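Asker: Pasting the sequence and the predicted coordinates here, then a few questions.
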Amino acid sequence: MQDPHAAPTSLKERIQSLDILRGFALLGILFINIQLFALPDSSFANPLVLGEMSGLDSFAYWLVHVFAELKFMTIFSILFGAGILLFVNRLTEKGIDGSKIHTRRMMWLLLFGMIHAYFIWFGDILVSYSIIGLIVVLMRKMKDVWKLVLFAFLYLVPILFFYVIGRFFETMPESMVEESLAEFFPSDEVISAEIDLYQNGSWFDIFVKRAQLNLNYQIGSFFLLSIWRTTGMMLLGMVLLNRGILSAKKTKLFYAVMALVGIGVGTLISNHGVQEMIQNRWEVVHYFKYGYQYNYFSSVFTALGYIGLIILIYELNVLKFLMKAFEAVGRLAFTNYLCQSVICSIIFYSYGFGLFGEYTRFELLFWMLGIWIFQMTSSSIWLKYYQMGPLECLWRHLSYKEKPQLSKNQGIR
């Protein structure tokens, strides 16, 4: 059978729980991304560069770092891995070379990611997901037990890297430390220049800054963190799909225990790490050796707890309006992800309203809530008339080399 007969997943073939989880995760990553859009880059790792935090700002920082940082991205990575396995297996069952179409699909995603990273926002995840997606698909036939072993190993590698970095700073001469940590502790002049750039700079000025940041994210962060952690998470996602956990095939008790233990353990560990960082005032050696490690290690527990909680709510058939909203956002995940970047660019950058640096961490939560409401509402309305989002349609058209049906009223493809 040839590629043109490989049709995109139909609505009947979709797994509802996966769409709900995907929408939940996509909305959740805005907790982090909106801060990266609206505040100086260095303030994420070291909030004191903006001065002492107020009571509400301290609460917002604690809320985001204990309950959101890395947690929703972990869910997204898990679902991406599950999606790869589901995608290839469905095509293989139809006698089609699923891995070939998957490769083409990832190459187009890489192009979309590069456009997003360089022309819209430096915090793109599509580039790393597309590259890692090409690697992970080769491991899909491994036994689940070996996937779990490899997941555990890959997950722990960045912990070692961060500890070594902390030890390196600890042994460096003080003059070298100051030079190396200029980005971690930028001067008031550097902070003011960054705020002025995003408030008043031209699109090209911001493009140059974005290109510089991308070198760090797409090279440094990729090899230090993403390739290890994200690969492991995608493998875990394949296991969770194989075991029926993501597709809501377990008992309600199973998901209740999963939620209680996961969120409970994750929150305790992450909260301890945040409290230690606050006590040490984000001192860089402590941050790398210990402070960041707590949140990194705990994020998988919290993420699995969130998965259990959302599926439990879905299985109990309560909060239907919220589950429907999550599902709508999840079915348009690609479109909504890029739309979040466009919306935030308009709000915070100079070629929009130029509100960069104008809001506190607590105030940004209200902007986030507004974007959530907009995306849940607009996604629900869109799906009344169309089968999929516009970018989902384009991506599928390029991947399958045939035009998918977009409108619900369209009789033929």
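Answerer: Thanks, I have it.
Asker: Show the contacting residues for residue 376.
Answerer: 27, 325-326, 328-329 (C-beta atoms under 8 Å, 6 or more residues apart in numbering). Placement of C-beta: from N, CA and C, glycine included.
Asker: ugh, wrong one, residue 248
Answerer: Taking C-beta under 8 Å, 6+ apart as the contact definition, residue 248 lies against 16-17, 311, 314-315.
Asker: How many neighbouring residues does the closest residue in space to residue 126 that isn't next to it in sequence have?
Answerer: Leaving out its chain neighbours, the residue that sits closest to residue 126 by C-beta to C-beta, 6 or more residues apart in numbering is residue 113, at 3.0 Å. Per other C-beta atoms under 10 Å, the neighbour tally for residue 113 reads 21.
Asker: Kindly provide the distance from residue 113 to residue 163.
Answerer: As judged by C-beta to C-beta, to the nearest Å, residue 113 and residue 163 stand 30 Å apart.
Asker: Any chance of JSON lines for the contacts of residue 376, columns pLDDT?
Answerer: What follows is those, written out as JSON lines (pLDDT from 0 to 100):
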{"residue": "27", "pLDDT": "98"}
{"residue": "325", "pLDDT": "98"}
{"residue": "326", "pLDDT": "98"}
{"residue": "328", "pLDDT": "98"}
{"residue": "329", "pLDDT": "98"}
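Asker: picking up where we left off before, would you mind listing the residues in contact with the residue nearest to residue 126?
Answerer: Residue 113 makes contact with 124-130 under the criterion C-beta under 8 Å, 6+ apart.
Asker: could the residues you listed go into a markdown table alongside distance to residue 358?
Answerer: Shown next, in a markdown table, are the contacts of residue 113 (distance: C-beta to C-beta, whole Å):
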| residue | distance to residue 358 |
| --- | --- |
| 124 | 24 |
| 125 | 26 |
| 126 | 28 |
| 127 | 30 |
| 128 | 30 |
| 129 | 32 |
| 130 | 34 |
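Asker: helix or strand for the closest residue to residue 238 other than its chain neighbours, which one?
Answerer: Once flanking residues are discounted, residue 238 sits nearest to residue 85: 4.5 Å by C-beta to C-beta, 6+ apart. Under the criterion of DSSP states H and E, residue 85 resides in helix 71-93.
Asker: Who are the contact partners of residue 86?
Answerer: 15, 18, 241.
Asker: Give the buried residues for the helix or strand hosting residue 292.
Answerer: For residue 292, the host element (DSSP H and E) is helix 292-316. For helix 292-316, burial by neighbour count (16 or more other C-beta atoms under 10 Å) applies to 292-315.
Asker: Following element in sequence after it, please.
Answerer: Counting by DSSP H and E, what follows helix 292-316 is helix 320-331.
Asker: The next helix or strand after that next one: how far from the chain's middle?
Answerer: Proceeding N to C from helix 320-331, the next assigned helix or strand is helix 333-348, under DSSP H and E. Put simply, helix 333-348 sits 13 Å off its chain's centre (C-alpha atoms, centre = their mean, to the nearest Å).
Asker: tilt between the helix or strand that helix 333-348 is followed by and helix 333-348?
Answerer: Sequence-wise, the next helix or strand downstream of helix 333-348 (DSSP H and E) is helix 361-385. For helix 361-385 against helix 333-348, the angle by axes from the mean of the first three to the mean of the last three C-alpha atoms, to 10 degrees is 140 degrees.
Asker: Compute the inter-axis angle for the helix or strand following helix 361-385 and helix 333-348.
Answerer: Downstream of helix 361-385, the first helix or strand assigned by DSSP H and E is helix 390-400. On the basis of the same axes, to 10 degrees, helix 390-400 is oriented at 130 degrees to helix 333-348.
Asker: What residues sit buried inside helix 390-400?
Answerer: 391-396, 399-400.
Asker: closest to residue 73 among the contacts of residue 113?
Answerer: Distance ranking of the contacts of residue 113 against residue 73, using C-beta to C-beta, places residue 125 first at 7.3 Å.
Asker: so what's the nearest residue to residue 79 once chain neighbours are set aside up against?
Answerer: Leaving aside its sequence neighbours, residue 79 sits nearest to residue 22 (C-beta to C-beta, 6+ apart; 5.3 Å). Taking C-beta under 8 Å, 6+ apart, we find residue 22 in contact with 76, 79, 329-331, 333.
Asker: Now for those: which two are most distant?
Answerer: 76 and 331 (14.8 Å).
Asker: Using a markdown table, please lay out the contacts of residue 22 together with neighbour count and distance to residue 346.
Answerer: What follows is these, written out as a markdown table (neighbours: other C-beta atoms under 10 Å; distance: C-beta to C-beta, whole Å):
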| residue | neighbour count | distance to residue 346 |
| --- | --- | --- |
| 76 | 25 | 23 |
| 79 | 27 | 28 |
| 329 | 29 | 19 |
| 330 | 24 | 24 |
| 331 | 26 | 24 |
| 333 | 22 | 20 |
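Asker: will you turn the residues you listed into TSV that also has distance to residue 189?
Answerer: Formatted as TSV, those follow (distance: C-beta to C-beta, whole Å):
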residue	distance to residue 189
76	37
79	43
329	41
330	44
331	47
333	40
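Asker: tell me the angle of the helix or strand following the helix holding residue 85 relative to helix 390-400?
Answerer: Using DSSP H and E, the helix or strand that follows helix 71-93 in sequence is helix 98-119. Using the same axes, to 10 degrees, the direction of helix 98-119 lies 140 degrees away from that of helix 390-400.
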